[in-house]
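Chemist: Predicted model and sequence below, questions to follow.
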Amino acid sequence: MKKKFTEEQYQIIVELQRDSYPDSIITGGKVGAPFKSSLTGRLYRFVTDNGLDNEVVALANPITRKWAHDQFVEPEKKYYWRYKKKDEDGDTWYLDYSSGIINLASGEYEKSTFTESEVIESGYNPDMFVKEEPLPF
């Protein structure tokens, strides 16, 4: 089974490429020592222990990045996002998609599923919510 990167790991690789090598394309199938050394902690061990140099090169390379994302990055899960606090009436609030935007809506039935990236892109802090997995049916 192929090892997959998380969306967060992918974002780190892309940011490091932009910060360290903004005008370059990493080639040769191996991650260069300066770039690899900038991968820190668990991500460095994950790449090293699993021999994922080629995958990191493909993710870092702007030309192959979209293809590599589809191949090597685990799709983000979608969750219901329940606001941790209740309002003064004791009502529960969920994130919902309405009129083309993600907003808070009151009630158990007023909710949609979103990835963490979608929540962040909409201007919300995921730490303000409890993630609830949707039922499998």
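Modeler: Cool, the structure landed. Just so you know, these numbers come straight off a predicted model, no measurement behind them. Numbers count the residues shown, from 1 in each chain.
Chemist: Name the residue most distant from the centre of this structure?
Modeler: Most distant from the centre of the chain: Asp89, at 34.6 Å, with distances by CA atoms, centre = their mean.
Chemist: ok, Lys77 touching Glu118?
Modeler: No: Lys77 is beyond contact range of Glu118, at 11.4 Å (criterion: CB atoms under 8 Å). C-beta: built from backbone N, CA, C; applies to glycine.
Chemist: neighbour-wise, which of those two wins?
Modeler: Glu118 (17 against 12; other CB atoms under 10 Å).
Chemist: Quick check: closest non-adjacent residue to that one.
Modeler: Take Glu118 and drop its neighbours on the chain: the residue closest to it by CB to CB, 6 or more residues apart in numbering is Ile102, 6.8 Å away.
Chemist: same check, this time on Glu110
Modeler: Nearest to Glu110 is Asp96, by CB to CB, 6+ apart, at 5.0 Å.
Chemist: that's a strand at that neighbour, yeah?
Modeler: Yes: counting by DSSP: H, G, I helix; E, B strand; the rest coil, Asp96 falls inside a strand.
Chemist: Give me the pLDDT for it.
Modeler: At Asp96, the model reports a pLDDT of 93.
Chemist: Surely it touches Tyr109?
Modeler: No: checked against CB under 8 Å, the pair Asp96 and Tyr109 is beyond contact range at 9.5 Å.
Chemist: Among these two, which residue is more densely surrounded?
Modeler: Asp96 (19 against 8).
Chemist: measure that one to Leu39 for me?
Modeler: Shown here: Asp96 relative to Leu39, a distance of 38 Å by CB to CB, to the nearest Å.
Chemist: Next SSE downstream of the least confident helix or strand in the chain by mean pLDDT?
Modeler: Lowest mean confidence among the helices and strands of the chain (mean pLDDT, DSSP states H and E): helix 33-38, at a mean of 64. Using DSSP states H and E, the helix or strand that directly follows helix 33-38 along the chain is helix 41-49.
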